[in-house]
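Asker: Please work out how this folds:
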Amino acid sequence: MPTLNVLTEDDLIAAIALELGSAPHWLRAGIGDDAALWKTPRAHLNVITTDMLVDGVHFRLASTTPGALGHKALAVNLSDIAAMGASPQIAVVALGITDVVDEPWARAFYRGMADLARRHGCAIAGGDIARTPALTIAVTVCGDVRRSDVRLRSGARPGDVACVTGPLGLAAGWLRHVQMHGDDAAAADAVTGNDGAGLVADDALRLRAAYETPSPRVTEGAFLGGASATHALMDISDGVSLDGARMARASGVDLVLELATFRRWCEERPLRAFGSSALDLVLHGGDDYELLAAVDGRAYHHLAKRFRARFQTALAQIGRFERGSGEVWVEDQGVRSAHTPRGYDHLARTR
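Answerer: Residues are numbered from 1 along each chain as shown. Coordinates of the predicted model:
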C-alpha cells in the first residue's frame, strides 16, 4: 500500500477531489484554486467556526476508523453552526499528516466527511496538508443565518426553561468503557458496570457511535432558531454542567438543574450499566453535541410538542433559568444545593 513518502501532494489532492465529487453550483471556486469563492444570501449574516482534533488528545487513532474520524472532525464544527441557528455552506480542512496516512486512508477519511457534508448541504471547498508529529485535523466551517434567527448563548432570561435536544452521557459512557477495558474493539461485546448490570453488544455499539460519529443537530438548530420562544442556544461539547454554566454567566442569570431528567437517563440502557457513576457521565462527560436551549417558560410545552412532531424525539427539560449572576444549582426532589460545574477543560487535561 503506497504511503505519502511516494505520493506527491498533487496526487493526494487529486484523490481527495475525486472522493468529494462535484461541487454545488453556488461554490464558484473550490479545490484546485488558492482560495474558495462562494455566494451567500445578501440578507443573511455569515457564521464561521473552527475546531482542532489531535491524536492522543481528542481521539485515539489506533482504535478509530478513518471514515469515523472524518465524520467527527466535521460534525463538531457543524454542531457549532447549529448552535447559532445557522446552516453550513462550506468547509475547509487543514490536515497535519503522519506516516500512517496513505491514499486509501485519506480517501476513507474524506469519504466519511463528505457523506456527512452532503447530508447538511455543506461543500468541502479545500484546505491544506502538512507533515506533523501527530495526526492533526483542523476544520473550519462557514455558514449563514437570517438575522432574525440568530440565537446567542447570552440570551437566556429569568423564567426560561433549560432544555436539550437529546439524551446526554452516551459518548462519555464509551470513553469510560475504553478506560475500563482498553481500545480493543472486542471489549465492546460486554462490560460489567458498578451495579453489576451487563452492557450488551448493541448497547456498546450505541455508545461507540455516540462518541465516534455524533449527529450534529443542524436541522434542530434551525428549527429552534426560527422560533421566537427560543432566547438562547449553544452546543454541549464539554458537558452540560460546564456549558450550562457558560450560558448562565453569559446571560447574567442563574441555572437550576433539575436532577429528575438526568436520573431517568441514568436508569435507561445503556447508561444503567455504569451504576452510580452514570450521573457523573450525564452531567460532566462531554462530547454530547446536543443543543442546549433557553426557551420561554410560557411557550415551552407548545414548542416541545412541535419539536417532537418534527423530529420524533423530546426537547427535554433539564432545568430552568432564574434571576441571578451566573451561578449553577442542582435541585433533587425539591432540595436545592450549590453546584460546582465540571467538564472537559482543554487546558487542564487530555483524554
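Asker: The helix or strand harbouring Ala94: partners in the sheet, and parallel or antiparallel?
Answerer: Assigned by DSSP states H and E, Ala94 belongs to strand 87-97. In the sheet, strand 87-97 lines up against strand 123-131 (parallel), strand 136-146 (antiparallel) (DSSP bridges).
Asker: Next secondary structure element downstream of it?
Answerer: Next along from strand 87-97, by DSSP H and E: helix 103-119.
Asker: Point out the other helices and strands that that next one packs with.
Answerer: Contact analysis of helix 103-119 by 3 or more Cβ pairs under 8 Å, 6 or more residues apart in numbering; DSSP states H and E lists helix 9-20, helix 66-82, strand 87-97, strand 123-131 as its packing neighbours. Where C-beta positions appear, they are placed from N, C-alpha and C, glycine not excepted.
Asker: residue contacts, Ala222?
Answerer: Applying Cβ atoms under 8 Å, 6 or more residues apart in numbering to Ala222 gives the contacts Ala82, Gly85, Ala86, Ser87, Asp149.
Asker: That one sits in which helix or strand?
Answerer: Assigned by DSSP H and E, Ala222 falls in helix 218-225.
Asker: could you give the angle of the following helix or strand past that helix to helix 66-82?
Answerer: Using DSSP H and E, the next helix or strand after helix 218-225 towards the C-terminus is strand 230-236. Here the directions of strand 230-236 and helix 66-82 differ by 160 degrees (axes from the mean of the first three to the mean of the last three Cα atoms, to 10 degrees).
Asker: same question for strand 230-236, mean pLDDT?
Answerer: Mean pLDDT, strand 230-236: 98.
Asker: how many neighbours does Ile90 have?
Answerer: 24 (other Cβ atoms under 10 Å).
Asker: which ones are touching Ala82?
Answerer: Pro216, Arg217, Val218, Glu220, Gly221, Ala222, Asp235, Leu291 are the contacts of Ala82 under Cβ under 8 Å, 6+ apart.
Asker: Counting neighbours, which of these comes out on top?
Answerer: For these, counting by other Cβ under 10 Å, the largest number of neighbours falls to Gly221: 29 neighbours.
Asker: ok, that one - contacts?
Answerer: Ile81, Ala82, Ala83, Met84, Gly85, Ala86, Leu233, Leu291.
Asker: From Thr213, how far out is the residue most central in space within the chain?
Answerer: In the chain, the centroid-proximal residue (Cα atoms, centre = their mean) is Tyr289; its distance is 2.8 Å. Distance, Tyr289 to Thr213, by Cβ to Cβ, to the nearest Å: 10 Å.
Asker: Common neighbours of the two, please.
Answerer: Listed contacts common to Tyr289 and Thr213 are Ala75; contacts here mean Cβ under 8 Å, 6+ apart.
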